[in-house]
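Chemist: Below is the sequence, then the predicted model.
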Amino acid sequence: MLQLLTFVVEKLSILCNLKLFESGWLGADQQELPARRGPPPPPRRGDLLEVPRTIFTHFGIYLGDNKVAHLIPDILPAVTGDQKLISSVITNERLILGCLWRRASVRVDTLEDFAYGSSILVNRMDVAMKSQVLPNEDVAKRAERQIGSIPYSLLWNNCEHFVTYCRYGQAASRQTEKFCECLKSAIRDQRSVILSGLLGMISIICFGMAPSTTLPTILIPFTLWMAG
């Protein structure tokens with residue numbers, strides 16, 4: 001079931017062309033720095049790290065000694081008190097269900113567990129954020145003070161809000177902004193009215209005429225039409 005849910009979410013992201021895994025902090029007029037020759041320098045305490053994870057980019061603050069503090073959703077604390085199991089590396093299935101149940105914590109993991117097999121980018125937001133970068137030690141201490149359970153919201157309090165608050169003193173999330181822009185574009189597209197109407201008719205055919213099928217078939221296309 002968990003694998004099926006992960007598969008569906010990933011495929012919907014591709015079909016909708018959301019590309020949430022790209023943080024989008026670099027605009028069209030901003031280009032990434034040319035690649036360095038040789039191995040990249042190791043991160044320093046207080047550096048902002050980002051890594052692609054499932055359908056979005058995941059962020060963390062490097063604390064030194066191969067440790068990373070990051071805000072990450074997890075469903076396990078809601079279903080078990082086994083701290084050994086909870087402290088194990090968070091899989092994509094646990095992460096997605098944690099988002100749905102709005103359960104998260106700021107936790108410390110190894111650099112390898114944070115990367116989850118992907119490459120890591122360091123301080124890429126610095127070129128785009130208008131706020132001045134705080135001293136690295138202050139950044140790390142801010143992250144350490146927030147370790148523990150924390151309210152989670154995909155739009156208002158996610159891992160990107162956490163790291164931007166720690167490093168720049170101002171919480172922001174470009175991924176959230178991109179998602180809202182895509183959502184507004186979908187609502188404004190009048191083809192969404194036709195699609196929602198067709199889905200409503202299919203539900204009526206499959207489940208019969210009832211308030212639970214008829215009302216959404218009428219109200220959702222009407223609302224989309226008015227919004228567009």
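Modeler: Good, I have the coordinates. Everything numeric here is computed off the predicted structure, so don't read it as measured data. Residues are numbered from 1 along each chain as shown.
Chemist: What pLDDT does the model give the residue nearest the centre of the chain?
Modeler: The centre of the chain sits closest to Phe56, judged by Cα atoms, centre = their mean, with a distance of 4.9 Å. On pLDDT, Phe56 comes in at 82.
Chemist: now swap in Ala69 and tell me
Modeler: 98.
Chemist: Same question for Asn158.
Modeler: The per-residue pLDDT of Asn158 was computed as 93.
Chemist: backbone phi and psi for it, please?
Modeler: Main-chain torsions, Asn158, degrees, to the nearest 10: phi -110, psi -170.
Chemist: Pretty sure it sits against Thr176.
Modeler: Yes: the criterion here is Cβ atoms under 8 Å, and Asn158 meets it with Thr176 at 7.0 Å. Yep, even glycine has a C-beta here, placed from its N, CA and C like the rest.
Chemist: out of these two, which sits in the more crowded spot?
Modeler: Asn158 (23 against 19; other Cβ atoms under 10 Å).
Chemist: How about that one: what's its closest non-neighbour residue?
Modeler: Spatial nearest neighbour of Asn158, excluding adjacent residues (Cβ to Cβ, 6 or more residues apart in numbering): Ser173 at 5.9 Å.
Chemist: wait, isn't the one you found in contact with His161?
Modeler: Yes: if you go by Cβ under 8 Å, Ser173 and His161 touch, sitting 5.3 Å apart.
Chemist: The two: who's more crowded?
Modeler: Remark: of Ser173 and His161, Ser173 carries more neighbours, 23 against 20, as counted by other Cβ under 10 Å.
Chemist: Can you name the residues that contact the closest residue to Arg102 other than its chain neighbours?
Modeler: Distance criterion Cβ to Cβ, 6+ apart; nearest residue to Arg102, sequence neighbours excluded, is Tyr152 at 4.9 Å. By Cβ atoms under 8 Å, 6 or more residues apart in numbering, Tyr152 lies in contact with 71, 73, 98-99, 102-104, 158.
Chemist: Strands - which of those residues land there?
Modeler: 71, 73, 103-104 (DSSP state E).
Chemist: Return the distance of stretch 209-218 from the chain's centre.
Modeler: Centroid separation for stretch 209-218 versus its chain: 33 Å, with Cα atoms, centre = their mean, to the nearest Å.
Chemist: okay, it in CSV with CA atoms only?
Modeler: The C-alpha coordinates for stretch 209-218 follow below in CSV (Å, rounded to 0.1, in the frame of the first residue of the first chain):
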residue,chain,number,x,y,z
MET,A,209,-27.1,9.1,-8.6
ALA,A,210,-26.6,10.2,-5.0
PRO,A,211,-25.8,13.5,-3.2
SER,A,212,-22.2,12.3,-2.7
THR,A,213,-21.7,12.0,-6.5
THR,A,214,-24.1,14.5,-8.0
LEU,A,215,-23.3,17.6,-5.9
PRO,A,216,-19.5,17.4,-6.5
THR,A,217,-20.2,16.9,-10.2
ILE,A,218,-22.1,20.2,-10.3
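Chemist: So for that stretch, what gets flagged as buried?
Modeler: 213, 217 (16 or more other Cβ atoms under 10 Å).
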